[in-house]
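Engineer: Below are the sequence and a predicted model for it; my questions follow.
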Amino acid sequence: MKHWDEYFQNNYESGDEQLLYIDLADFATYFVDLYKQNELSEFPAVFKVIELLHTNGDDFVKEAASVGLLEELQNRLLSNEINTNVFNRYLKQESLKWWNHLNDFWMAKLNMLVVQRSRLLKGM
């Protein structure tokens, strides 16, 4: 918990409101760093909690688990040039479904941008 204590001291003054999505982004960074250092012992437990957030959380919690955490994990992996499939073996059924939805969403967005760019270049 040393990382969290340092993070909290550096980012929050006494009485400041915590910002969940900022906290989740920091956690994603920390978690990808663990992966890069091959420190995987906590992975099964963390991914079990992520699954519980998806299966037992209210709508706000489910959204935060998907958009706040899973999407940020994907972004952190990609920014470190790591394939997002590396976490597939740890993801449980519901979390993996949302992981894949996010991948599909961004791939469709990317494909749409490529098509639009190609059309623009042809029109020049």
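Structural biologist: Perfect, I can see it now.
Engineer: what bits of the protein have low per-residue confidence?
Structural biologist: 1-18, 109-121, 123-124 (pLDDT under 70).
Engineer: Okay, helices next: where are they in it?
Structural biologist: Shown for the chain, the helices assigned by DSSP state H span residues 2-11, 20-36, 43-56, 59-63, 71-79, 93-122.
Engineer: In this structure Glu42 contacts Tyr35, no?
Structural biologist: No: applying Cβ atoms under 8 Å, one finds Glu42 not in contact with Tyr35, separated by 10.6 Å. Every residue, glycine included, has its C-beta placed from N, CA and C.
Engineer: Of the two, which one has the most company?
Structural biologist: More crowded of Glu42 and Tyr35, by other Cβ atoms under 10 Å: Tyr35, with 18 against 10.
Engineer: What separation is there between the residue nearest to the more buried one when sequence neighbours are not counted and Asp58?
Structural biologist: The shortest distance from Tyr35 to any non-neighbouring residue, by Cβ to Cβ, 6 or more residues apart in numbering, is to Val86 (6.8 Å). For Val86, the distance to Asp58 (Cβ to Cβ, to the nearest Å) stands at 30 Å.
Engineer: what about Ser66, how many residues close to it?
Structural biologist: 20.
Engineer: no wait, Lys92
Structural biologist: Residues near Lys92, counting by other Cβ under 10 Å, number 15.
Engineer: what's Phe31 in contact with, if anything?
Structural biologist: Phe31 is in contact with Val46, Leu73, Arg76, counting by Cβ atoms under 8 Å, 6 or more residues apart in numbering.
Engineer: Quick check: the gap between it and Asp104.
Structural biologist: Separation of Phe31 from Asp104 (Cβ to Cβ): 22 Å.
Engineer: Next: Ile50.
Structural biologist: For Ile50, the distance to Asp104 - Cβ to Cβ - is 19 Å.
Engineer: Show me which of the two is the more surrounded one.
Structural biologist: When neighbours are counted by other Cβ under 10 Å, Ile50 and Asp104 differ, and Ile50 comes out ahead with 23 against 10.
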